[in-house]
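>>> predicted model, plus sequence, below.
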Amino acid sequence: MSLVGLAKACKAKPYENKKLGENKTMGLIFMNPSLRTRLSTQKAALNLGMNVMIMSFTGEGWALETEEGVIMNGDKAEHIIEAAAVVGEYCDIIGLRSFPSLKDQKADYAEPVLNAFVKYSGKPLVNMESATRHPLQSLADVLTIEEFKTTEKPKVVLTWANHPRALPQSVPNSFAEWINQTDYEFVIAQPEGFELSKEFSGKAKILYNQDEAFEGADFIYAKNWSSYKHYGERYFGKESWMVSAEKMKLTNNAKFMHCLPVRRNVIVEDAVIDSTNSIVIQEAGNRVWAAQAVIQSILQTN
Amino acid sequence: MSLVGLAKACKAKPYENKKLGENKTMGLIFMNPSLRTRLSTQKAALNLGMNVMIMSFTGEGWALETEEGVIMNGDKAEHIIEAAAVVGEYCDIIGLRSFPSLKDQKADYAEPVLNAFVKYSGKPLVNMESATRHPLQSLADVLTIEEFKTTEKPKVVLTWANHPRALPQSVPNSFAEWINQTDYEFVIAQPEGFELSKEFSGKAKILYNQDEAFEGADFIYAKNWSSYKHYGERYFGKESWMVSAEKMKLTNNAKFMHCLPVRRNVIVEDAVIDSTNSIVIQEAGNRVWAAQAVIQSILQTN
Amino acid sequence: MSLVGLAKACKAKPYENKKLGENKTMGLIFMNPSLRTRLSTQKAALNLGMNVMIMSFTGEGWALETEEGVIMNGDKAEHIIEAAAVVGEYCDIIGLRSFPSLKDQKADYAEPVLNAFVKYSGKPLVNMESATRHPLQSLADVLTIEEFKTTEKPKVVLTWANHPRALPQSVPNSFAEWINQTDYEFVIAQPEGFELSKEFSGKAKILYNQDEAFEGADFIYAKNWSSYKHYGERYFGKESWMVSAEKMKLTNNAKFMHCLPVRRNVIVEDAVIDSTNSIVIQEAGNRVWAAQAVIQSILQTN
């Protein structure tokens, strides 16, 4: 069964596989804050009967060294090699969140933290948003589009939006990667200079005019991201890129989506997110079934 | 059955209703630190067989916007509208702690955070101390008085006490509100200017002389609170308002109560809190059964 | 059965006693950060069927007063007397982590936090590393040595190593205390001035020459600690005390051990910790069975 199909099955019968995770431990490791990902992944593992242990390295832990061969006489008390291996000793499946620095494109896109956990933990790893990807979000997004689409091949528009801070490319990267595997019509609307890495944007049609992109759209997926090319740069002040009720009129009565957290009246106008066309809460709710589908398939194949 | 009766039943047989919470999730959301409330509410939910997910917005999360219609281009990354709705997607019952600012009486007493969760989460909400009330504490307090009273209608004195910081009115507000629903004799002792809002103090007899209030008392409930009238003001230096062994001699061998945490030798003298008349630990222990009674009644009616 | 024997039995059949902890609560209280201790103790309690509640006073709580008789008008909102008693109300067994100040030898070695919890909580206490001891680590260490030893009475060397910060003596204290109860050959290698308290080092042979100590060793246990004599002092710059591949050649093909976290190329050279002779991860893994043995024996005798 596809992951989307499995997620639907989990949603229909959440406790059907509660025996599957008995005496198994899910470890959720956070290098950065989290609300939706943390609660939905914890809930998914609990639905499958697993024990869940949560560890936040911000606050409860200490800074980890990721460079190899370093003389560790600075402020980092532990190397990720040991930290990952030790977590692997205590957990059957590991969920990991680790944001990018947004300072060094090459370093971030090499995914040092994620890859160290894959390499040294010896356990299956669930990506709870890494430097370049957020696949649990994308699986929930596709599930949500499947639930709300009214036509076989909807027009899906991923649109850049204004934001006061520089944000990762992980959500749009993964969204593009997943939508590219469907047969939806896929458009990315963005200012020039905000092209995603080609490995992610793939076959998407890129438009620099948001109005043109919105024409006849069935789904508007808004998200800010910092520049990949001029790595980590943001260009705040592009207020015109906010998703407004006016712009939504250009669409085919499109549903509005966003991964959340979202800045109201910066990314999206109140009138849009408060309208019945907004499905951001249902989208967030689907994060449970996305996580449960992924964890369940790991439990079934390990 | 009354909540006090239900709390007694929970205390007598803690695991009697362990099936009731099966496959149900209790979410505990903290905007402020907590010890007793957190552990006792978590334990209560576990006793009822629920899964418990804890999220602290201080440390693990981010600042939430509570004003409506705001352009969110400052330091707040998420609006409470979304945060509450999303938590509602993942939890069957939500416990929420959210302290007042103590800067704006009208704003605090409008309970913006609590009410936003009630409005937007779509799920039953348990107040784990809000800007103006702490009902789980009061239920535990009444249960404790019921257990320790030696006369049908005991004289209960809520006394203001000295404290170096400005504290919320939530504990005395709720205490007064609950005691006003009993047929106990109820006196509030306080310096002038520290009157609680009339909606809470109600029919209580207010005395500005602590010695007079203590005469013949069966229970002394000490607590500091900042001024409601001169909102949030404190008047430190009123050392004479500390509950001392000397003053306890005026009472009818009264039991000493406090919600904790308590500052020794500021609020209460060591000799009082260390005496056998102090029931602060039993009172804290009863927090479990108060929480369990509330959660159980929600589970039984939803 | 000895604790080491019980730990082996837990490792062989982790879920054998899952009924033992039913409806029992393990409270894990942290005054300091933790990774291994937290996850392994949590897992051990879950393996025994207990509920686990975790409370970190750094971040989620507030500063506790430990001095008796103090007028608490400063920054400490609660006395440990109440905090311990309240935690005791909610938990059947309490795990506690509380590091030393490293400023006052006498005060630290009096173990004020640990002893207050023992005295006031009224519940069995598991030491998750206190000011002077880390027994769960030592039990895991002995279990690990038992698993890897190839001779009846191995030569075990505890060696001081270089470190940029002043560290507690708790790990070497407990290690020495436990090894002194075995019939292993036991040597401590350290610079002058770094003698542990005699009550811990006991019958160990103390050598000031690391090379001499390493001769024919079966296990090298590396650890930095600050001075006990010149209390809390560190002497960074002793790079020659790092455990190097060159020095390991002096041993009898010794296994390398460390409690972790470890600073690579400061405490130990990459070439040593990355070699097959390093058993630091297995050692960390054994923390689960050490904790489980201790908790299980408490559950069986209470």
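It's in.

>>> OK, contacts around the residue nearest to residue A:123 when sequence neighbours are not counted?
Of all residues not flanking residue A:123 in the chain, residue A:88 sits nearest, at 4.6 Å (Cβ to Cβ, 6 or more residues apart in numbering or on different chains). In this view, the C-beta of every residue, glycine as well, is placed from N, C-alpha and C. Contact analysis of residue A:88 by Cβ atoms under 8 Å, 6 or more residues apart in numbering or on different chains lists A:94, A:120, A:121, A:122, A:123.

>>> check residue A:167 too.
The neighbours of residue A:167, taking Cβ under 8 Å, 6+ apart as the test, are A:224, A:225, A:226, A:234.

>>> one more pass at 7 Å, please.
When contacts are counted by Cβ atoms under 7 Å, 6 or more residues apart in numbering or on different chains, residue A:167 is found next to A:224, A:225, A:226.

>>> what's the answer for residue A:249, then?
The contact partners of residue A:249, by Cβ under 7 Å, 6+ apart, come to none.

>>> against residue A:284, how distant is it?
Computed as Cβ to Cβ, to the nearest Å, the residue A:249 to residue A:284 distance reads 26 Å.

>>> do the same with residue A:165
In this view, residue A:165 and residue A:284 are 21 Å apart by Cβ to Cβ.

>>> okay, those two: which has more neighbours?
In this view residue A:165 and residue A:284 are compared by other Cβ atoms under 10 Å in any protein chain shown, and residue A:284 has more residues nearby, 27 against 13.

>>> go ahead and confirm the more buried one touches residue A:260.
Yes - counting by Cβ atoms under 7 Å, residue A:284 touches residue A:260, with 5.6 Å between them.

>>> hey, what's in contact with both of these two?
Taking Cβ under 7 Å, 6+ apart as the contact criterion, the common neighbours of residue A:284 and residue A:260 are A:36, B:86.

>>> mind listing what the residue of chain A positioned farthest from its centre touches?
The C-alpha centroid of chain A is most remote from residue A:73, which lies 34.8 Å away (Cα atoms, centre = their mean). By Cβ under 7 Å, 6+ apart, the contact list for residue A:73 reads C:164, C:263, C:266.

>>> that one: which element?
Using DSSP states H and E, residue A:73 sits in no helix or strand.

>>> which elements pack onto the helix or strand hosting residue A:256?
Element membership for residue A:256 (DSSP H and E) is strand A:255-257. Other elements packing on strand A:255-257 under the criterion 3 or more Cβ pairs under 7 Å, 6 or more residues apart in numbering or on different chains; DSSP states H and E are helix A:135-148, strand A:219-223, helix A:280-285.

>>> most tightly surrounded among the ones you listed?
When these are scored by mean count of other Cβ atoms under 10 Å in any protein chain shown, the highest mean neighbour count falls to strand A:219-223 (a mean of 25).

>>> hmm, who's touching that one?
For strand A:219-223, contacts defined as Cβ under 7 Å, 6+ apart pick out A:145, A:154, A:156-159, A:161, A:171-172, A:175, A:214, A:243, A:248, A:251, A:254-259, A:267-268.

>>> how distant is stretch A:41-50 from the center of its chain?
In terms of Cα atoms, centre = their mean, to the nearest Å, the centre of stretch A:41-50 is found 19 Å from the chain centre.

>>> so what's the closest residue to chain C within the stretch 151-300 of chain A up against?
At 16.6 Å from chain C, residue A:299 is the closest residue in the stretch 151-300 of chain A, using Cβ to the nearest Cβ. Listed by Cβ under 7 Å, 6+ apart, the contact set of residue A:299 reads A:20, A:21, A:24, A:48.

>>> helix or strand for the first one, which one?
With elements delineated by DSSP H and E, residue A:20 resides in a region that no helix or strand encompasses.

>>> that one contacts residue A:48, correct?
Yes - the pair residue A:20 / residue A:48 is scored as a contact, 5.4 Å apart, by Cβ under 7 Å.

>>> quick check: neighbours shared by the two?
What both residue A:20 and residue A:48 touch, as defined by Cβ under 7 Å, 6+ apart, is the set A:296, A:299.

>>> more neighbours: which of these two?
Taking other Cβ under 10 Å, residue A:20 and residue A:48 do not tie; residue A:48 has more neighbours (26 against 15).

>>> which of the contacts of residue A:167 are buried, as a ChimeraX select command?
Buried members of those, defined by 16 or more other Cβ atoms under 10 Å in any protein chain shown, are picked up in ChimeraX with:
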select /A:224,225,226
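
>>> which of the contacts of residue A:167 sits closest to chain B?
Closest to chain B out of the contacts of residue A:167 is residue A:224 (11.5 Å), distances taken as Cβ to the nearest Cβ.

>>> and the host helix or strand of residue A:119, anywhere near chain C?
Element membership for residue A:119 (DSSP H and E) is helix A:112-121. No - counting by Cβ under 7 Å from any Cβ of the partner chain, chain C has no neighbours in helix A:112-121; the shortest distance is 8.9 Å.

>>> contacts for the helix or strand just after that helix next, please.
Going down the chain from helix A:112-121, the next helix or strand is strand A:125-127, by DSSP H and E. If you take Cβ under 7 Å, 6+ apart as the criterion, strand A:125-127 is touched by A:93, A:94, A:95, A:96, A:114, A:117, A:118, A:133, A:135, A:294, A:295.

>>> next, the contact list for the last one, please.
In this case it means residue A:295. Listed by Cβ under 7 Å, 6+ apart, the contact set of residue A:295 reads A:26, A:44, A:45, A:48, A:93, A:126.

>>> what's the farthest-apart pair in those?
Maximum pairwise distance among those (Cβ to Cβ): 12.3 Å, between A:48 and A:126.

>>> near chain B at all, the host helix or strand of residue A:45?
In the assignment (DSSP H and E), residue A:45 maps to helix A:36-47. Yes - Helix A:36-47 reaches chain B (Cβ under 7 Å from any Cβ) through A:36, A:39, A:40, A:42, A:43, A:46.

>>> and that helix, what does it pack against?
Counting contacts by 3+ Cβ pairs under 7 Å, 6+ apart, helix A:36-47 packs against strand A:25-30, strand A:51-56, helix A:287-301, strand B:51-56, helix B:80-90.

>>> the fourth one: partners in the sheet, and parallel or antiparallel?
Right, strand B:51-56. strand B:25-30 (parallel) (DSSP bridges).

>>> got a list of contacts for the strand it pairs with?
The contact list for strand B:25-30 (Cβ under 7 Å, 6+ apart) reads A:43, B:38, B:41-42, B:45, B:50-57, B:87, B:90-97, B:295.
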